[in-house]
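*Asks:* Based on what follows, work out the 3D shape:
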Amino acid sequence: MKEYVILSIETHLFFARIMKEHSLFLMASFPAKETDLLKRADWFRMKFEDGLKRATELADGMVGKAALDSGEIVTKFTHTAECQTSRLTGIPIDTKITDDQLRLCGGCPAGVNREMAYHVRMLNRKMLEHLNGLIALKEEILQEVLSCRLYTANYPLLIEHILREAKLYRKLIMQLERRGRIAADDLRNVELFWNQIMMEHAQFIRGLLDPTECELMQLADDFARDYCRLLEEAKESCSRTGNVCNTQSVQLTGEFQKFKTAGVEGITDCKIRSVILPLLADHVLREANHYLRILEQAQRDGGRYGFV
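*Replies:* I've put the predicted structure just below:
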């Protein structure tokens with residue numbers, strides 16, 4: 001019960017914020033004429049914001065210090081990025097959730113009572129319901145874009161990208177509900193997933209920078225190429241298991257994390273020319289922080305992996 005509660009809350013603290021931001025990014029990319037899609041995306045934005053608020057209420061003293069300290073839940077830039085993005089887009093963001101999360105304390109509860117487990121179970125079921133709906137919406141949007149029936153400022157690959165992340169979130173919550181824990185996938189498969197996510201981040205960043213930002217564009221290209229190389233090496237060596245690629249992934253993701261941190265600083269300080277929303281810059285940084293925690297934890301545990 002303890003593992004079920006802690007992992008459920010940690011999963012929601014990371015992914016519910018990601019999902020509400022996906023919904024916001026979808027909204028910000030639609031033309032004004034797409035009133036139905038705007039309303040539907042906004043509905044999911046509010047539902048995942050509500051879920052994130054509830055997870056935050058349950059989290060104090062219940063989640064691991066490693067997750068709180070990693071920067072995957074909230075960074076020092078998140079509040080500023082939210083305020084700037086809300087002002088730029090006109091889309092409301094509840095920044096009090098971010099403030100509350102910055103005050104969270106990690107803990108290792110000796111036991112978890114049935115009431116807490118019940119509240120977590122209700123949250124899991126509600127979020128699964130919302131995830132099914134959001135995944136269906138993303139699939140519909142992707143199909144409409146690929147059929148040239150819908151314009152959006154988002155790349156088709158970006159829609160596929162956020163769809164994969166939503167499906168991962170759903171898989172994790174389904175595992176928790178069925179087994180009470182998250183299955184320990186082979187680290188190689190985890191690396192394949194997140195290395196592809198990181199590669200696509202680099203590609204998106206490159207494509208959203210102003211053409212005058214030549215140095216940053218080159219750096220983004222370099223990161224995309226390096227992650228592509230890791231993916232190709234892993235696919236060519238199907239027999240690989242455990243932590244064969246782990247050291248390279250740790251090093252590259254650590255470097256990419258620094259690049260993204262500088263990017264958030266530059267964008268929130270209005271020193272980088274781009275069409276990147278401040279919250280998108282913070283969003284991709286948090287995902288790098290999350291992946292880096294996974295890799296570093298696996299290194300400490302001798303290549304074993306226990307949390308996506």
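
*Asks:* Below-threshold pLDDT in the protein: ranges please.
*Replies:* By pLDDT under 70, the low-scoring segments of the chain are 108, 110-111, 184-187, 238-245, 301-308.

*Asks:* Looking at it, which helix is longest?
*Replies:* helix 114-146 (DSSP state H).

*Asks:* so residue 248 touches residue 231, yeah?
*Replies:* No. Residue 248 lies out of contact with residue 231 (C-beta atoms under 8 Å); the separation is 11.3 Å. Where you see a C-beta, it was placed from the backbone N, CA and C, and this is true even at glycine.

*Asks:* that older thread, check the offset of the longest helix of the chain from the chain's centre.
*Replies:* 15 Å (C-alpha atoms, centre = their mean, to the nearest Å).

*Asks:* Next secondary structure element downstream of that helix?
*Replies:* Of the helices and strands lying after helix 114-146 in sequence (DSSP states H and E), the nearest is helix 156-179.

*Asks:* List the neighbours of that following helix that are in contact with it.
*Replies:* By C-beta atoms under 8 Å, 6 or more residues apart in numbering, the surrounding residues in contact with helix 156-179 are 4, 7-8, 11, 15, 18-19, 22, 25, 121, 124-125, 127-128, 131-132, 134-135, 138-139, 141-142, 145-146, 152, 181-183, 193, 197, 200, 203-204, 308.

*Asks:* just the buried members of the residues you listed?
*Replies:* Buried members of those, counted by 16 or more other C-beta atoms under 10 Å: 4, 7-8, 11, 15, 18-19, 22, 25, 124, 127-128, 131, 134-135, 138, 141-142, 145, 152, 182, 193, 197, 200, 203-204, 308.

*Asks:* by how many degrees do the helix or strand that contains residue 12 and helix 156-179 diverge?
*Replies:* Secondary structure from DSSP H and E places residue 12 in helix 2-29. With axes from the mean of the first three to the mean of the last three C-alpha atoms, to 10 degrees applied, the angle from helix 2-29 to helix 156-179 works out at 160 degrees.

*Asks:* and helix 2-29, what other elements does it pack with?
*Replies:* If contacts are counted by 3 or more C-beta pairs under 8 Å, 6 or more residues apart in numbering; DSSP states H and E, helix 2-29 sits against helix 35-59, helix 65-69, helix 78-89, helix 114-146, helix 156-179, helix 278-300.

*Asks:* by contact count, what packs against the last one?
*Replies:* In other words, helix 278-300. helix 2-29, helix 65-69, helix 78-89, helix 187-208, helix 246-268.

*Asks:* one more time with 6 Å, if that's ok
*Replies:* On a contact count with 3 or more C-beta pairs under 6 Å, 6 or more residues apart in numbering; DSSP states H and E, helix 278-300 meets helix 78-89, helix 187-208, helix 246-268.

*Asks:* All set now, cheers.
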